[in-house]
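Based on what follows, work out the 3D shape:
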Amino acid sequence: MERVKILDNSIRLLAEKNEKYILCDKACFAANSRGRAVEEPDDAVRTCFQRDRDRIIHSQSFRRLKHKTQVFLAPSGDHYRTRLTHTLEVAQIARTIARALRLNEDLTEAIALGHDLGHTPFGHAGERALNKLCDCGFKHYEQSVRVVEKLEKYGKGLNLTDEVKNGIQCHTRGEEAYTLEGQIIRIADKIAYINHDIDDAIRAGVMAEEDIPLSLRMQLGMTKTERINNMVLDVIHTSDKLIRMSDDFYTGFMDLHRFMFTAVYTNPVCKGEESKAVDMLERIYSYYIKNIDKMPEEFIRIAESDGDERAVCDYIAGMSDNYALKVFNNLFVPMFWLE
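Residues are numbered from 1 along each chain as shown. Below you'll find the model as predicted:
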């Protein structure tokens with residue numbers, strides 16, 4: 001009997017039916033998805049957004065996030081954020097907001113888990129380097145969509161739903177996502193990175209909690225936990241037709257961001273190694289743009305279809321910090337003969 005239920009899609013259909021009872025009328029329902037670029041049979045158990053979440057989790061690009069910089073380059077401690085832990089923290093914050101607003105948690109989680117798949121090694125320093133080097137430009141959120149559409153599975157892509165791809169595309173700047181679930185990711189990303197960057201900076205000895213202006217701490221929260229909780233509650237209470245913070249909280253957030261820009265993001269102690277990372281990526285790029293045939297075969301094929309610059313950017317953007325270091329050493333650091 002159970003076997004029959006799985007074969008006739010009843011589990012998925014029940015899940016889609018339950019969404020109609022549980023979610024608010026502004027939510028994006030799996031049964032009403034705009035679908036995939038390539039049509040596929042429905043899964044017997046999972047909704048389309050649950051399948052997207054699973055595809056992202058099982059992708060190679062998702063696994064590589066564990067060795068990509070968030071803020072601090074090549075940290076030696078175990079507790080500094082990486083791009084992967086940042087992604088998981090965004091997903092947790094986003095799901096909390098989605099649940100409270102009775103929006104689609106599965107769609108929200110899928111977007112959150114995929115939003116940084118296209119990020120470069122060495123954080124935003126790597127992103128700026130590739131954007132400068134490549135005439136067609138480079139933005140990590142556009143690259144994240146390119147990863148799921150074309151680069152994953154050796155050129156086949158993940159064939160995600162349009163709602164997930166749109167949320168990934170719109171998570172940083174520009175046009176808002178057309179689903180409220182997608183809009184949640186943009187604000188959850190901000191809540192996550194500002195508070196967790198403070199936490200990492202304190203751990204690194206770059207700043208202390210007390211360095212944050214007292215007026216901001218009194219407005220937003222005296223600790224990381226209080227700030228995250230207060231920001232999330234503010235979003236939940238303020239959001240209606242759009243996902244947003246109240247004007248007062250958003251002003252406080254921007255003031256906190258300006259403080260962090262001076263105290264951490266441009267601090268020579270934090271960013272002292274960035275010029276080395278940028279120089280390394282520039283040299284790797286210069287080498288491969290002159291030696292396309294030396295890249296893995298899948299990127300040679302991309303060069304033939306999309307051009308050399310796009311292919312080299314795709315290759316470098318997909319590297320973890322560790323792999324970029326390995327490539328640089330193999331290309332430019334001489335090997336010594338052993339006795």
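
Angles on the backbone of Arg36, please.
Note on Arg36: its backbone torsions stand at phi -110, psi 160 [degrees, to the nearest 10].

ok, it - contacts?
48, 159-162 (CB atoms under 8 Å, 6 or more residues apart in numbering). All C-beta spots, glycine's among them, are computed from the backbone N, C-alpha and C.

Just the buried ones from these?
48, 159-161 (16 or more other CB atoms under 10 Å).

Out of these, which comes closest to Ile300?
Nearest to Ile300, judged by CB to CB, of those is Asn159 at 23.4 Å.

how close does that closest one get to Asp42?
Using CB to CB, to the nearest Å, one gets 13 Å for the distance from Asn159 to Asp42.

cool, and Glu127?
From Glu127 to Asp42 the distance is 37 Å (CB to CB).

more neighbours, those two?
Set Glu127 next to Asp42 and count neighbours by other CB atoms under 10 Å: Glu127 wins out with 20 against 15.

surely that one meets Phe138?
Yes. In this structure, Glu127 is within contact of Phe138 by CB atoms under 8 Å, at 6.4 Å.

okay, and the common contacts of those two?
Joint contacts of Glu127 and Phe138 (CB under 8 Å, 6+ apart) are Thr120.

check contacts around the nearest residue to Gln219 once chain neighbours are set aside.
The spatial neighbour of Gln219 that comes closest, neighbours along the chain excluded (CB to CB, 6 or more residues apart in numbering), is Gly252 at 4.7 Å. By CB under 8 Å, 6+ apart, Gly252 lies in contact with 216, 219-220.

Looking at the residues you listed, which are in helices?
Mapping the contacts of Gly252 onto helices (DSSP state H) picks out 216, 219-220.

out of those, who has the most neighbours?
Busiest of these [other CB under 10 Å] is Leu220, holding 22 neighbours.

low-scoring stretches of the chain, by residue?
Scanning the chain for pLDDT under 70 picks out the ranges 1-7, 72-77, 270, 336-339.

middle-most residue in it, spatially?
Asp116 (2.0 Å; CA atoms, centre = their mean).

Asp52 versus that one, what's the distance?
16 Å.

for Thr161, same thing?
Thr161 is 6 Å from Asp52, by CB to CB.

so what sits against both of these two?
Common neighbours of Thr161 and Asp52, counting by CB under 8 Å, 6+ apart, are absent.

coming back round to it: surely the residue nearest to the centre of the chain meets His140?
Yes. Counting by CB under 8 Å, Asp116 does reach His140; the two are 6.8 Å apart.

Mutual contacts of those two, please.
Going by CB under 8 Å, 6+ apart, no residue sits against Asp116 while also sitting against His140.

In contact with Asp308, which residues?
289, 292.

What's the separation between it and Met295?
In this view, Asp308 and Met295 are 10 Å apart by CB to CB.

Show residues contacting stretch 148-168.
For stretch 148-168, using CB under 8 Å, 6+ apart, the contacting residues are 28, 33-38, 40, 48-49, 52, 55-56, 59-61, 107, 110-111, 114-115, 117, 141, 144-145, 177-179, 181-182, 185, 298, 301-302, 314, 318.
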